[in-house]
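J.: Here is my input; please provide its structure:
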Amino acid sequence: MREALDHWDYVISAYVLGVIGTTVLIGWAWLTMRRAEARRDRARDK
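T.: Down below sits the predicted model:
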């Protein structure tokens, strides 16, 4: 049994959350950009 606290579990989980959060943010921004470009193209065609 370990008596000392191991900080690496927290460090790894923080990195995992950071990578997942960044990936979600990039995906959301990309989808929003695609929708805005489609709206712009529809407005130009009118």
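J.: What ranges does this protein have for its helices?
T.: Here the chain has its helices, by DSSP state H, at 8-45.
J.: which intervals of it have sub-threshold pLDDT?
T.: Flagging of the chain using pLDDT under 70 yields the residue ranges 1-2.
J.: what about R44, how many neighbours?
T.: Using other C-beta atoms under 10 Å, the number of residues around R44 comes to 7. C-beta here means a position set from N, CA and C on the backbone, and glycine is covered the same way.
J.: Contacts only, for it.
T.: Applying C-beta atoms under 8 Å, 6 or more residues apart in numbering to R44 gives no contacts.
J.: That one and A38, how far apart?
T.: Going from R44 to A38 by C-beta to C-beta, to the nearest Å gives 11 Å.
J.: for V11, same thing?
T.: 41 Å.
J.: for I20, same thing?
T.: Distance from I20 to A38, by C-beta to C-beta: 27 Å.
J.: what do you get for L17?
T.: 32 Å.
J.: W28: neighbouring residues, count only.
T.: 10.
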